[in-house]
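**Q** quick one: sequence plus predicted model below, questions after.
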Amino acid sequence: GNELLRKQSTVAILDKNVPPASFPSIRALCVESKSIALRILPMGMKDTLIGNGASSHVYPFSLHYLVACMSRVLKRKPGSHKGKLDEATENACMVVVRFYCFYRNMTAAMLKKKLQGYEIVIPFFKENPFPDLPEDLKIQLEDAIMLQTREDMKICKAGASASEMDKRLRLSIRENHDYIENLTISLTESKTVFVSELSRVIASLPDKLESGLLVNESMARIIRIASLDIDYEELHVETAKLGKIFPELEQYFAKREEHDGNDENDENQNRFITSVHCTLAHASEVPQAYILKAYQHLLGSEVELKATAILFSDKISAIELELSPQLSILRPQNQFPHITLWCAKYTKARESNALPEKIIHGEAKRIVFGH
């Protein structure tokens, strides 16, 4: 913190795990040093439920991510880590589990919302969705998390159980070495993307930061979203044409015809979204300065969009989009460019972001359009 205050025009990389309890400190440091925080997150964040029934808890990172982090800690030579977390550290794997548990009862969406500001997503895994965890490894990871949870909630003291659990984790990691090694891409690949994305964010910053934006960002949010807006009537006509090609799609919307005309902002009723758009950036995720810098010059421009598929469930539907490569500046902050079409009651339009994940779990369908 003191180094940031002494130096100006500096990019400071904090190579640390920053749990939710530290967020206010980061915020205060940014205000005091007139800096902007940039969160670095791994690609493939996934809500993970651990436990059963009332005793279950959600985490924003997968078990694959947890075991990959453990494996990398165990690769560190004794005494080589400044934070004293390496192969020789007592209960090293359980220390990693403790870090993981700092995010208990927080979804990936909640984590991003709390962090706010700029974001860089770094590729970490080779495949998404991930290959299934070996059952023995999955059991050890879940047992470790539940043991740490019981200690955090003062249900019991881990004590000797933590040491025994750490031994089990190390053994399982050794036995599944090849599987774990094949999960992630190389450090070189991740670093290359990091440097490239960091340069992009720096280039997007305004020449001068407004102090008001730093001190009270929420009050300065005039622009709620930057988006590509689509004419509702034209979209309605094109969707009807698709229904003639795909009978299942025609049946889906025929059952929902009576919802036409309902207020799109009333979440207490089934409704079609009439202000159809593809969100590029949202004020809850990026600062006003970024939105203005990246998109203001594009106001009133027309761009070409390609609809590639429609994803739908009993709660929500959306059209998947492909943006022209020439419009790289317009790529959305999320990994699923789309237009939300319809929402069931009590369903928020933003829940369409979860449709790709729903497809994987068989909770939604995807119809791919012809070329």
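**A** Arrived safely.
**Q** residue 161 is in what secondary structure piece?
**A** If you go by DSSP states H and E, residue 161 is part of helix 159-175.
**Q** one more: residue 226?
**A** Per DSSP H and E, residue 226 falls inside strand 225-229.
**Q** just checking: what are the partner strands of that strand?
**A** Take DSSP bridges as the rule and strand 225-229 pairs in its sheet with strand 277-282 (antiparallel).
**Q** which strands and helices sit next to the helix or strand following the strand it pairs with?
**A** Heading C-terminal from strand 277-282, the first helix or strand you meet, by DSSP H and E, is helix 288-295. For helix 288-295, the elements it packs on are helix 187-204, strand 225-229, strand 277-282, judged by 3 or more Cβ pairs under 8 Å, 6 or more residues apart in numbering; DSSP states H and E. All C-beta spots, glycine's among them, are computed from the backbone N, C-alpha and C.
**Q** got the buried residues for the first one?
**A** Going by neighbour count (16 or more other Cβ atoms under 10 Å), the buried part of helix 187-204 is 190, 193, 197, 198, 201, 204.
**Q** give the contact list for the second one.
**A** The contact partners of residue 193, taken as Cβ atoms under 8 Å, 6 or more residues apart in numbering, are 122, 123.
**Q** before we move on, the earlier item: could you redo the helices and strands packed on helix 288-295 as a markdown table and give each row mean pLDDT?
**A** As requested, the helices and strands packed on helix 288-295 are exported to a markdown table (pLDDT from 0 to 100):
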| stretch | mean pLDDT |
| --- | --- |
| helix 187-204 | 89 |
| strand 225-229 | 85 |
| strand 277-282 | 85 |
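**Q** roughly how far out does the strand holding residue 226 sit from the chain middle?
**A** What separates the centre of strand 225-229 from the centre of its chain is 20 Å, taken as Cα atoms, centre = their mean, to the nearest Å.
**Q** got it, and stretch 280-291?
**A** Centre to centre, stretch against its chain (Cα atoms, centre = their mean), the figure for stretch 280-291 is 15 Å.
**Q** quick one: end-to-end length of that stretch, please.
**A** The straight-line separation of the ends of stretch 280-291 (Cα to Cα, to the nearest Å) is 9 Å.
**Q** same thing with stretch 169-187?
**A** This stretch, stretch 169-187, spans 24 Å end to end (Cα to Cα).
**Q** which residue ranges form the helices in the stretch 201-350 of the chain?
**A** 211-215, 232-245, 247-254, 288-295 (DSSP state H, counting those that start in this stretch).
**Q** quick one: mean pLDDT for the shortest one?
**A** What that stands for is helix 211-215. Averaged across helix 211-215, the pLDDT comes to 43.
**Q** just the third one next, same as before
**A** This predicted structure assigns helix 247-254 an average pLDDT of 93.
**Q** i'd like the first residue to be 33 from this point on
**A** That works, and once the first residue is 33, the last one we named lands at helix 279-286.
**Q** could you dump the buried residues of helix 219-236 into JSON lines with distance to residue 159 added?
**A** JSON lines is the format used below for the buried residues of helix 219-236 (distance: Cβ to Cβ, whole Å):
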{"residue": "222", "distance to residue 159": "15"}
{"residue": "225", "distance to residue 159": "17"}
{"residue": "229", "distance to residue 159": "21"}
{"residue": "230", "distance to residue 159": "25"}
{"residue": "233", "distance to residue 159": "27"}
{"residue": "236", "distance to residue 159": "30"}
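**Q** just put the helices and strands packed on helix 320-327 in TSV and tack on distance to residue 84.
**A** Formatted as TSV, the helices and strands packed on helix 320-327 follow (distance: least, Cβ to Cβ, whole Å):
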stretch	distance to residue 84
helix 219-236	35
strand 257-261	39
strand 309-314	35
